[in-house]
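A.B. asks: I would like the atomic coordinates for the input below:
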Amino acid sequence: MLPVKHSVAVMVFRGNEVLAIRRSEQDDELPGIWGLPAGTLRGTDTVNDVISRIGREKLGVILMPVRRLARGTQDRPKYRLVMELWEALMEGIPTYPEWQWGRLEVLRPGMAAGSLCCKLAIQIKSRAC
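C.D. replies: I've put the predicted structure just below:
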């Protein structure tokens with residue numbers, strides 16, 4: 001049985017666009033893809049703790065959770081990923097090296113490469129249309 005990794009990804013909206021970040025080329029699972037900011041629960045972390053940490057440590061902004069949008073699981077080679085997708089509000093401008101506001105289509109290559117957060121984001125958008 002695979003160990004379980006609980007993660008949270010956030011969608012920050014600006015009109016019809018979403019905040020996307022580009023993973024480093026050195027990323028061990030999905031190098032160079034555009035995806036959503038995400039983080040993993042550690043110890044006694046709550047979802048709110050992870051969302052705050054994503055904002056503070058990854059993006060250099062303040063993130064405030066709004067609502068859970070989706071949940072999904074995916075088996076990876078070394079673990080089972082359990083991911084929650086949350087909408088969040090953002091205060092500030094990201095300091096992350098590569099980020100952009102873009103239509104949800106920017107996440108399609110990530111979904112094709114196996115990104116669960118990209119898949120969940122595109123699925124919820126498809127259901128909303």
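A.B. asks: mean confidence for the helix or strand encompassing A88?
C.D. replies: According to DSSP states H and E, A88 maps onto strand 80-91. The average of the pLDDT scores along strand 80-91 is 98.
A.B. asks: Please name the bridge partners of R80.
C.D. replies: V4, D75 (DSSP bridges).
A.B. asks: mind listing what it touches?
C.D. replies: Contacts for R80 were tallied using C-beta atoms under 8 Å, 6 or more residues apart in numbering; they are L2, P3, V4, K5, T73, Q74. (C-beta placed from N, C-alpha, C; glycine too.)
A.B. asks: Distance to T46 and pLDDT added to those residues, as JSON lines?
C.D. replies: Formatted as JSON lines, those follow (distance: C-beta to C-beta, whole Å; pLDDT from 0 to 100):
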{"residue": "L2", "distance to T46": "24", "pLDDT": "90"}
{"residue": "P3", "distance to T46": "20", "pLDDT": "95"}
{"residue": "V4", "distance to T46": "17", "pLDDT": "96"}
{"residue": "K5", "distance to T46": "16", "pLDDT": "96"}
{"residue": "T73", "distance to T46": "20", "pLDDT": "97"}
{"residue": "Q74", "distance to T46": "22", "pLDDT": "96"}
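A.B. asks: Alright, that wraps it up for me.
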